[in-house]
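**Student:** please find the sequence and the predicted model below.
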Number of protein chains: 2
Amino acid sequence: MIRVLVAHDTSLLRSALAALLVREPDFEVTDTGWHGLSENGRLLGPHVCVVDADCPGWRRHTDRAAAPPAGARGAGVGSGLIVLTNGGKPGNLRRAYTADALGFVNKDRSADRLPAAVRQVAQGKRFVDESLAVEFLQAADMPLTKRELSVLSLSAEGASVAEIARSLHLCNGTVRNYLAAITRKTGARNRVDAIRISRFAGWL
Amino acid sequence: MIRVLVAHDTSLLRSALAALLVREPDFEVTDTGWHGLSENGRLLGPHVCVVDADCPGWRRHTDRAAAPPAGARGAGVGSGLIVLTNGGKPGNLRRAYTADALGFVNKDRSADRLPAAVRQVAQGKRFVDESLAVEFLQAADMPLTKRELSVLSLSAEGASVAEIARSLHLCNGTVRNYLAAITRKTGARNRVDAIRISRFAGWL
């Protein structure tokens, strides 16, 4: 039996994803929100963990849960991570890649890809939806630096230039320069457009 | 048998929701994207249609599909609409309400509410998740006018003041006044913040 842990921030959707997977006779499926992720991971020792990359903060939550408890032999949630994403979101893929995900499944494709991905990842093999190839190329091309991303993400939360400057210990002019560089590099028309473009790509 | 049509823009999630519902012995479940909504609605004559309010444009798609074909006896997709939403999004509820939805199900609650909602709505009765009560009150309180929403929605797409003015046949100063009013009425710090707040509430 392959033990599968499904993590999603929305109760109804994680139950639905679990209902899809539990139809496979060789899967033993549990679903959880972020809150119970660490504990479920520890109790169940899942072979595969399935996470939806459109859940805000999924990376932070899985990272925390993946830290193996003292004395454990690496059966953390991190082992055999499958990430679900849509096309057109290279930022999601980059985040999944740096989280050492083994499986990359396109949510816009047929649902029978997911059980296939689970079986492959359970054997420690990589599963990459070929329809995500373009996004993988784009993911290598992320135009913004880490600092620029911090500035943009504060701006997207509604912070003013002065507030961003204070919170990052910069002066106002520097923040304005960062925002201008971000707008240029994302090919945006203005700040709101830069936020929209970066969010759509999954950078933010 | 209750015929249920599940509509969602993401293939994997609509299969998952269908997998959840098909476990009920009295349900006959079909799932569809927006593209096939009209046709599936016409072919199946569903008693209940389940739609996720977080899918962009769901209202437009269901409206179009609900228009009964000539000669039909009103078995359009619109009859028995159940809308799925999260807490904290009064705009979703308002849109669902004006679409004559009968069922309002909270996605953050347990998944067994959904089959109960389907059975109730199939009998032509209303089903309202009591956990959405606060959002219903807030939905009555929508602070922005239709015109302000058009301005804000263009701004959220990255349009400049001049572009918004051109597209709505207004002068630049008027657009600036609208944007100032929007920022004030939503209690936002600035334009980006007003977009963030309105999007979170589901107005945009």
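**Tutor:** Looks like it arrived, so ask away. Numbering: from 1, shown residues only, chains lettered A, B, ... in the order given.
**Student:** ramachandran angles for the residue lying closest to A:A7 once chain neighbours are set aside?
**Tutor:** The spatially closest residue to A:A7, leaving aside those adjacent along the chain, is A:V51, at 5.0 Å (CB to CB, 6 or more residues apart in numbering or on different chains). The way it works is simple: take the backbone N, C-alpha and C, and place the C-beta from them, glycine included. When read as degrees, to the nearest 10, the backbone of A:V51 gives phi -130, psi 140.
**Student:** A:V51 bridge partners, please.
**Tutor:** Residues in a beta bridge with A:V51, per DSSP bridges, are A:A7, A:V83.
**Student:** let's see the pLDDT reported for it.
**Tutor:** Per-residue pLDDT puts A:V51 at 95.
**Student:** and it, how many residues sit next to it?
**Tutor:** Taking other CB atoms under 10 Å in any protein chain shown as the criterion, the count of residues near A:V51 is 27.
**Student:** what's the domain layout of chain A?
**Tutor:** Taking automatic domain parsing as the domain assignment, the ranges for chain A are A:2-139, A:146-201.
**Student:** now for these, which one comes closest to B:G33?
**Tutor:** domain A:2-139 (9.1 Å; CB to CB).
**Student:** ends of the closest one, what's the gap?
**Tutor:** Between the opening and closing residues of domain A:2-139 we find a distance of 31 Å, counting by CA to CA, to the nearest Å.
**Student:** so of the domains of chain A, which one's packed in deepest?
**Tutor:** A comparison of these by mean neighbour count, using mean count of other CB atoms under 10 Å in any protein chain shown, puts domain A:2-139 on top with a mean of 19.
**Student:** and that domain, how far out from the chain middle?
**Tutor:** Distance, stretch centre to chain centre, for domain A:2-139: 9 Å (CA atoms, centre = their mean, to the nearest Å).
**Student:** average pLDDT across the biggest helix by length in chain A?
**Tutor:** Among the elements of chain A assigned as helix by DSSP state H, the one spanning the most residues is helix A:172-185. Across helix A:172-185, pLDDT averages out at 95.
**Student:** so what secondary structure elements neighbour the helix or strand of chain A with the lowest mean pLDDT?
**Tutor:** Every helix and strand in chain A was compared by mean pLDDT, DSSP states H and E; the lowest is helix A:133-139, with a mean of 75. Packing contacts for helix A:133-139, counted by 3 or more CB pairs under 8 Å, 6 or more residues apart in numbering or on different chains; DSSP states H and E, involve helix A:90-98.
**Student:** any idea how far the nearest residue to A:R176 once chain neighbours are set aside lies from A:Y178?
**Tutor:** Nearest residue to A:R176 in three dimensions, chain neighbours excluded: A:V161, at 6.0 Å (CB to CB, 6+ apart). Here the criterion is CB to CB, to the nearest Å. By it, A:V161 lies 10 Å from A:Y178.
**Student:** pretty sure A:N172 sits against A:S160.
**Tutor:** No. With contact defined as CB atoms under 8 Å, A:N172 and A:S160 do not form a contacting pair (9.4 Å).
**Student:** any shared contact partners between the two?
**Tutor:** Any residue near both A:N172 and A:S160 by CB atoms under 8 Å, 6 or more residues apart in numbering or on different chains counts here, and not one turns up.
**Student:** ok, the residue nearest to A:R176 to A:S167 distance?
**Tutor:** From A:V161 over to A:S167 (counting by CB to CB), the distance is 11 Å.
**Student:** up against chain B, what does chain A have?
**Tutor:** Proximity of chain A to chain B is confined to A:10-13, A:15-17, A:19-20, A:23, A:84, A:86, A:105, A:107-111, A:114, A:155-160, A:163, A:188-197 under the rule CB under 8 Å from any CB of the partner chain.
**Student:** ok, back up a step: and the contacts of the least confident helix or strand of chain A?
**Tutor:** Residues beyond helix A:133-139 that count as contacts (CB under 8 Å, 6+ apart) turn out to be A:T85, A:G87, A:G88, A:K89, A:P90, A:G91, A:N92, A:L93, A:R94, A:Y97, A:V128, A:A201.
**Student:** same check on stretch A:192-201?
**Tutor:** Here stretch A:192-201 makes contact (CB under 8 Å, 6+ apart) with A:88-91, A:138, A:144, A:149, A:152, A:155-156, A:179, A:182-183, A:186-188, A:204, B:155-158, B:191-192, B:195.
**Student:** give me that answer again for 7 Å
**Tutor:** If you take CB atoms under 7 Å, 6 or more residues apart in numbering or on different chains as the criterion, stretch A:192-201 is touched by A:89-91, A:152, A:155-156, A:182-183, A:186, A:188, A:204, B:155-158, B:191-192, B:195.
**Student:** what about the strands in chain A?
**Tutor:** Using DSSP state E, the strands of chain A run over A:2-7, A:27-32, A:48-52, A:81-85, A:103-106, A:127-128.
**Student:** quote the end-to-end distance of stretch A:164-180.
**Tutor:** Using CA to CA, the end-to-end distance of stretch A:164-180 comes to 14 Å.
**Student:** I meant to write stretch A:138-148 there.
**Tutor:** OK, stretch A:138-148 end separation, CA to CA: 18 Å.
**Student:** list phi and psi for the residue most central in space within chain A.
**Tutor:** Centroid check for chain A by CA atoms, centre = their mean gives A:A53 as the closest residue, at 3.6 Å. Backbone geometry at A:A53, expressed as degrees, to the nearest 10, gives phi -70, psi -10.
**Student:** check the gap between the closest residue to A:G103 other than its chain neighbours and B:G124 for me.
**Tutor:** Once its chain neighbours are removed from consideration, A:G103 has its nearest residue in A:I82; the separation is 3.3 Å (CB to CB, 6+ apart). A:I82 sits 41 Å away from B:G124 when distances are taken as CB to CB.
**Student:** before we move on, what about A:L81?
**Tutor:** Separation of A:L81 from B:G124 (CB to CB) stands at 45 Å.
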